[in-house]
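Asks: Pasting a predicted model and its sequence here:
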Amino acid sequence: MSQLKIAVLVSGGGTNLQALIDNIDNINAEIDVVISNKKDAYGLERARLNNIDAIYINPKDYQDTEAFNDEIIKELIKRNIDLVVLAGYLKILSKKFISSFKNRIINIHPSLIPSFCGKGFYGLKVHKEAIKYGVRISGATVHFVDEDADTGAIILQDTVCIDDNDTAETLQKKVLQIEHKLLPEAVKLFCEGKLYIEDRRVIVK
Ligand code: GRF
């Protein structure tokens, strides 16, 4: 199988992007471009520091969400992108985006889906809600992206324990540590052609 081309979409710091960059030598793929809707996203800087094309697309330059998404789709198609990785990307993808890259978009979420996910669950809020609910275990999920928020087929999950003295901030740190292993692992499996979707289950072969 020839090397796949990955695009990573980020809105923030990009530590998951960094984990991918650090592990890319073990993966049959290259990160072709990093795209952000935020001019000052540190993820863009991480790309530049690693000689990866970094593109800022300002949503305000477009008439509506559809047109903004169309611009990203155009860029991805121009570059023959095989896999889109959402790594802390906070914009909703248009239906057209999702259908153009059906089963070729993956996202990482900092909880055990289907808990503490969906619209509005991002950043510290996810961890605050997990602690507030009193769950003893949280974790991270890598999943395919479908039309709804955080509902696509689950590729990999891993867990962390929540201790009595954990705060949203300490839990976020613990979860990020497992995210940084889980995301490259899932991308590697995808790039090796080992992921098969049956109904809503992902079978790893
Ligand atoms: C991560 O917690 C990820 O699960 C979520 O957004 C956060 C991004 O963090 N989707 P970073 O920008 O990769 O550091």
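Replies: Received, thanks.
Asks: Identify the residue spatially nearest to the residue in the chain that the ligand sits nearest to, adjacent ones excluded.
Replies: At 2.6 Å from the ligand, residue 88 is the closest residue in the chain, using C-beta to the nearest ligand atom. Backbone N, C-alpha and C define where each C-beta goes, glycine included. Spatial nearest neighbour of residue 88, excluding adjacent residues (C-beta to C-beta, 6 or more residues apart in numbering): residue 12 at 4.8 Å.
Asks: For the residue of the chain closest to the ligand, which three-state class applies?
Replies: The three-state assignment at residue 88 reads coil, by DSSP: H, G, I helix; E, B strand; the rest coil.
Asks: How many residues are close by it?
Replies: Neighbour count for residue 88, taken as other C-beta atoms under 10 Å: 24.
Asks: And it, how close does it get to residue 197?
Replies: Distance, residue 88 to residue 197, using C-beta to C-beta, to the nearest Å: 24 Å.
Asks: Please apply the same query to residue 94.
Replies: As defined by C-beta to C-beta, residue 94 lies at a distance of 21 Å from residue 197.
Asks: bridging residues for the closest residue to residue 186 other than its chain neighbours?
Replies: Once flanking residues are discounted, residue 186 sits nearest to residue 142: 4.0 Å by C-beta to C-beta, 6+ apart. With DSSP bridges applied, residue 142 shows beta-bridge pairing to residue 108, residue 156.
Asks: tell me the contacts of residue 142?
Replies: Contacts here follow C-beta atoms under 8 Å, 6 or more residues apart in numbering; on that basis residue 142 touches 106-109, 154-157, 182-183, 185-186.
Asks: Swap in 7 Å and give it another go.
Replies: By C-beta atoms under 7 Å, 6 or more residues apart in numbering, the residues touching residue 142 are 106, 108, 155-156, 182-183, 186.
Asks: thinking residue 179 is in contact with residue 110, fair?
Replies: Yes. The criterion here is C-beta atoms under 7 Å, and residue 179 meets it with residue 110 at 6.4 Å.
Asks: what's the overlap in contacts for those two?
Replies: residue 140.
Asks: Looking at the two now, which is surrounded by more residues?
Replies: Under the neighbour definition other C-beta under 10 Å, residue 179 and residue 110 were set side by side, and residue 110 has more, 28 against 24.
Asks: Residue 94 and residue 197: which is more packed in?
Replies: Neighbour comparison, residue 94 and residue 197: the larger count goes to residue 94, with 19 against 13 (by other C-beta under 10 Å).
Asks: Would you agree that one is in contact with residue 65?
Replies: Yes. In this structure residue 94 lies within contact range of residue 65 using C-beta under 7 Å: 6.3 Å.
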